[in-house]
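In: Sequence and predicted model, in that order:
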Amino acid sequence: GYFVPPSGRVYWAFDAERHVRPFDWRLVGDKVMGCDFNVSPMFWCHGVRWHVSDGSGGEKGVIWIWSETQRENTNPWAHAELCADVWADFDEPRGRPRPSRSEAAAQVIAHPDAAGRARSTKASENDFGAMQRVGFKVRAPDANPPVKDRVFALNTAFHEGRCFIDPCCEELIRCLQAQARDKYNEPDKTQGVDHAPDALGYLWWGTDPRVAPKGNARDFSWM
């Protein structure tokens, strides 16, 4: 389950020894990105998603985060351009020609904070529009899920060994380890360690949503 004592870690299922691994550049899958729109800092994470057998004739998704982009005092359009350049570099280790910024962005499905549909840094364009102008494919629900569901979905992914992070993603790793719960048993957003996990949470919810069960159980035997 998702509940832990107020002093506990939000992402208690994340274990650096288990989930932090160098990215395997041989992997082929969907190019995906999770986006948190906070202005300072703005944090987006870059990953590859593919499917493996679940052992019962079905498939389950796995995501490996290979890079992160964090920037202070920016806006979605400038950050989208920066991240498109990051994705343009993605093919270099594979020995492929470097695509243009727009070509690289067009290959990526972005799963951002749904609030970006209404929020804007320019009167004529919302945050989603800024990303789409660079070329990214934006996929977001009409509204964000309850925080407890998003946290539960990500903890489930870690528990099941379906989410991995490259060691270069130092900010994401630090924040997953550091974010605690406040006195109301909610994720603490006062320490500045919530943006990176939120970005990864939006990505995971967009690809594999899991609604948290009712109650305070921490036993995964119900799955």
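Out: Nice, I can see it.
In: Not counting residues beside it along the chain, what's closest to residue 182?
Out: What sits nearest to residue 182 in space, not counting adjacent residues and going by CB to CB, 6 or more residues apart in numbering, is residue 188, at 4.5 Å. The way it works is simple: take the backbone N, C-alpha and C, and place the C-beta from them, glycine included.
In: Please list all residues in contact with that neighbour.
Out: Going by CB atoms under 8 Å, 6 or more residues apart in numbering, residue 188 touches 10, 179-182, 194.
In: Just the closest of these to residue 212, please.
Out: Of all the contacts of residue 188, residue 10 has the smallest distance to residue 212: 12.8 Å, by CB to CB.
In: you'd agree the closest one is up against residue 189?
Out: No. Using CB atoms under 8 Å, residue 10 is not in contact with residue 189, being 10.3 Å away.
In: which of those two has more neighbours?
Out: Just comparing residue 10 and residue 189: by other CB atoms under 10 Å the higher neighbour count belongs to residue 10, 27 against 13.
In: Tell me the most packed of the contacts of residue 188, by neighbour count.
Out: Highest count within those by other CB under 10 Å belongs to residue 10, 27 neighbours.
In: ok, now how distant is that residue from residue 200?
Out: As judged by CB to CB, to the nearest Å, residue 10 and residue 200 stand 12 Å apart.
In: what secondary structure does the residue most central in space within the chain sit in?
Out: Residue closest to the mean C-alpha point of the chain, counted by CA atoms, centre = their mean, is residue 200 at 1.8 Å. Three-state call for residue 200 (DSSP: H, G, I helix; E, B strand; the rest coil): helix.
In: Residue 84 now?
Out: Going by three-state DSSP: residue 84 is helix.
In: Please work out how many residues are found near it.
Out: 22.
In: Surely it touches residue 103?
Out: No. Contact criterion CB under 8 Å: residue 84 and residue 103 do not qualify, at 9.1 Å.
In: any residues in contact with both of these two?
Out: Between them, residue 84 and residue 103 share the contacting residues residue 135, judged by CB under 8 Å, 6+ apart.
In: Residue 131 looks like it's in a helix, true?
Out: Yes. Counting by three-state DSSP, residue 131 is part of a helix.
In: that older thread, state the pLDDT value of the residue nearest to the centre of the chain.
Out: Confidence at residue 200, expressed as pLDDT, is 98.
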